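Enquirer: Here you go, sequence then predicted model.
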Amino acid sequence: MERENLAEYLFFEGTNYTAYEYFGVHRGASGVVFRVWAPSAERIFVTGDFNAWQDSDPMIRINDGGIWEAEL
């Protein structure tokens, strides 16, 4: 099983004791990866000084369990 899929599986199982390594902000292959769990959200945006606090960087829902991701 791929590492990210394993992290998601263990999270939903309730046994991912290092979820902080998967969620939050981390360096990715081609930038910075933002990942959050928001099962009831309809839309999520990454905002900050880097984009003048505009909602121009949407996150993508990557599974039915409510995990959202954006790579900038």
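Expert: Cool, the structure landed.
Enquirer: Lowest average confidence across helices and strands of the chain, where is it?
Expert: Scoring the helices and strands of the chain by mean pLDDT, DSSP states H and E places helix 3-13 at the bottom, with a mean of 89.
Enquirer: so what's E42 up against?
Expert: Applying CB atoms under 8 Å, 6 or more residues apart in numbering to E42 gives no contacts. Yep, even glycine has a C-beta here, placed from its N, CA and C like the rest.
Enquirer: What about the closest residue to I44 other than its chain neighbours, how many residues nearby?
Expert: Sequence neighbours aside, M59 is the residue nearest to I44 in space, at 4.2 Å (criterion: CB to CB, 6 or more residues apart in numbering). Neighbour count for M59, taken as other CB atoms under 10 Å: 19.
Enquirer: How about the one 4 residues further on?
Expert: Using other CB under 10 Å as the criterion, N63 is surrounded by 11 other residues.
Enquirer: Assign a three-state SS to it, would you?
Expert: Secondary structure, DSSP: H, G, I helix; E, B strand; the rest coil: N63 is coil.
Enquirer: From L6, how far off is it?
Expert: 13 Å (CB to CB, to the nearest Å).
Enquirer: again with E42
Expert: On the measure of CB to CB, E42 and L6 end up 28 Å apart.
Enquirer: How about G14?
Expert: 14 Å.
Enquirer: what does I67 give?
Expert: In terms of CB to CB, I67 sits 13 Å off from L6.
Enquirer: Between these two, tell me which one has more neighbours.
Expert: I67 (22 against 12).
Enquirer: In terms of pLDDT, where does the more buried one sit?
Expert: I67 is assigned a predicted lDDT (pLDDT) of 97.
Enquirer: Beta-bridge partners for it, please?
Expert: When bridges are called by DSSP bridges, I67 pairs up with W37.
Enquirer: Pretty sure it sits against E8.
Expert: Yes - between I67 and E8 there is a contact at 6.3 Å, judged by CB atoms under 8 Å.
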